[in-house]
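Colleague: Structure here, sequence nowhere to be found:
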DNA sequence: TGAAAACAGCGTCAAATGTCCTCTTTTCCC
DNA sequence: GGGAAAAGAGGACATTTGACGCTGTTTTCA
């Protein structure tokens, strides 16, 4: 499973063999089953995850128990709960597996060590955060301005691989629509 | 006007007098009038702004010309368009002043110089980004899960100073509601 | 200071959306 | 293999929301 990650590293950073070994030395590989929970609300998040295979989701619940997905994370993405990780505060989000998945874990302190020893890794991570900030803004803009149909179309175009693999009610949850509205949008599109 | 900023710096970082002078040496102060545009869609963003006084807003338009506000920035906040700034790409967002405002500008390259010379400033900025990521997530969660009334209440509680100073139609734009819905929510609350 | 623009409330109507329900098919898991 | 759970479509109905038009007030600015 580590092979996928090493490919990812080589594709995105120029690292020496020593550096690659160092990163590997802190990594913990783990296979999880569908629905397995990786982080519960109230827990303190102590890790960073890289998704080699599968899909994770990050969501939050309302008082009435409904789940609202803020993020899907398929292969080659990093997942953590930054707020909880950095501040050592209880997480307000859940993280679980949508499919059987293959993951690699690092603890925060190990990753901080890596940052010190491998500046390029730090730099790369900053670029990822920057991209995430941009995507987050786009998502907010879409959420406050787009029609349900536009939201659905954007999602399908932007995350085709996720779209094909997660149940519709999760897509509805991600988009902030009822399942009913989503199915109406889809139905209307069949006619066109 | 620079005094407010220096207070802010002293409150948030321990910096030497030399460091404070260095930061000052790159700063450009500017007073702007209400509605003055600081960044247009299509322009490349070349600056970071600190708001000493007033309120800025960051928004984007749809094809039909409607404006959708993704951020308000009152005193003591930093404003830029990170995507455009980092990648030297045309901005998809506008930034303008909601009130007459007092601002301080730095160019990207000057700020990068400051980061190198003052590690503590870099570290502090990372904390701010981290907080912004958290706030962004909260905003997404709210946008996809909350009722109009909840959105309005959250906004009033979270940003009382902004609430008191911007017109209602901008609040509606920020929350993703029509002005009509917003006024209905407000009307309903008067009865309680 | 006077005209124009911005702001915000209100009413009506039509459309969009959600809730609740049933029913069917698929998937999961022991 | 079989029973249970999950997924999703669809109908009926109530509610919410938005679009539009109109009005009155305040603010802005030339």
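Modeller: Alright, I've got the coordinates. This one's a predicted model, so the numbers in the text were calculated from it and none came from an experiment. Numbers count the residues shown, from 1 in each chain, chains lettered A, B, ... in the order given.
Colleague: Surely residue A:137 is in a helix?
Modeller: Yes: judged by DSSP: H, G, I helix; E, B strand; the rest coil, residue A:137 forms part of a helix.
Colleague: how many other residues sit next to it?
Modeller: A count of neighbours around residue A:137, defined by other CB atoms under 10 Å in any protein chain shown, yields 23. In this view, the C-beta of every residue, glycine as well, is placed from N, C-alpha and C.
Colleague: Can you give me every residue that contacts the residue nearest the centre of chain A?
Modeller: By CA atoms, centre = their mean, the mean C-alpha position of chain A lies nearest to residue A:73, the distance being 3.0 Å. With contacts defined as CB atoms under 8 Å, 6 or more residues apart in numbering or on different chains, residue A:73 is in contact with A:51, A:55, A:56, A:57, A:58, A:79.
Colleague: swap the cut-off to 6 Å and go again
Modeller: With contact set as CB atoms under 6 Å, 6 or more residues apart in numbering or on different chains, residue A:73 has these partners: A:51, A:56, A:79.
Colleague: Could you look up the SS state of the first one?
Modeller: Translated: residue A:51. When the structure is reduced to helix, strand and coil (three-state DSSP), residue A:51 reads as strand.
Colleague: Run through the residues that contact it.
Modeller: Under the criterion of CB under 6 Å, 6+ apart, the contact list for residue A:51 reads A:73, A:75, A:77.
Colleague: Could you do the last one as well?
Modeller: By CB under 6 Å, 6+ apart, the contact set of residue A:79 is A:49, A:56, A:73.
Colleague: Which strand residues bridge the residue nearest to the centre of chain A?
Modeller: When assigned by DSSP bridges, residue A:73 has beta-bridge partners residue A:56.
Colleague: returning to what we had before: TSV please, covering the contacts of residue A:73 and showing pLDDT.
Modeller: Converted to TSV, the contacts of residue A:73 look like this (pLDDT from 0 to 100):
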residue	pLDDT
A:51	97
A:56	97
A:79	97
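Colleague: For residue A:42, which three-state class applies?
Modeller: Secondary structure assignment for residue A:42 (three-state DSSP): coil.
Colleague: nope, residue A:106 is what I was after
Modeller: The three-state label for residue A:106, taken from three-state DSSP, comes out as strand.
Colleague: which residues touch it?
Modeller: When contacts are counted by CB under 6 Å, 6+ apart, residue A:106 is found next to A:26, A:48.
Colleague: what are the phi and psi angles of the nearest residue to residue A:101 once chain neighbours are set aside?
Modeller: Leaving aside its chain neighbours, residue A:101 sits nearest to residue A:54 (2.5 Å; criterion: CB to CB, 6 or more residues apart in numbering or on different chains). Here the main-chain torsion angles of residue A:54 (degrees, to the nearest 10) amount to phi 100, psi -170.
Colleague: how about residue A:54, what does it touch?
Modeller: Residue A:54 makes contact with A:99, A:100, A:101 under the criterion CB under 6 Å, 6+ apart.
Colleague: re earlier: same list, the contacts of residue A:73, but as JSON lines with distance to residue A:33 please.
Modeller: Output for the contacts of residue A:73, formatted as JSON lines (distance: CB to CB, whole Å):
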{"residue": "A:51", "distance to residue A:33": "15"}
{"residue": "A:56", "distance to residue A:33": "12"}
{"residue": "A:79", "distance to residue A:33": "17"}
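Colleague: quick one: which of the residues you listed is nearest to DNA strand D?
Modeller: Proximity of the contacts of residue A:73 to DNA strand D was ranked by CB to the nearest atom of the strand; the top entry is residue A:56 with 14.9 Å.
Colleague: where's residue A:141 relative to residue A:67, distance?
Modeller: Relative to residue A:67, residue A:141 is positioned 23 Å away (criterion: CB to CB, to the nearest Å).
Colleague: Next one: residue A:90 from residue A:32, what distance?
Modeller: In this view, residue A:90 and residue A:32 are 22 Å apart by CB to CB.
Colleague: ah, wrong one, I meant residue A:78
Modeller: Counting by CB to CB, the gap between residue A:78 and residue A:32 amounts to 16 Å.
Colleague: what does residue A:84 give?
Modeller: 19 Å.
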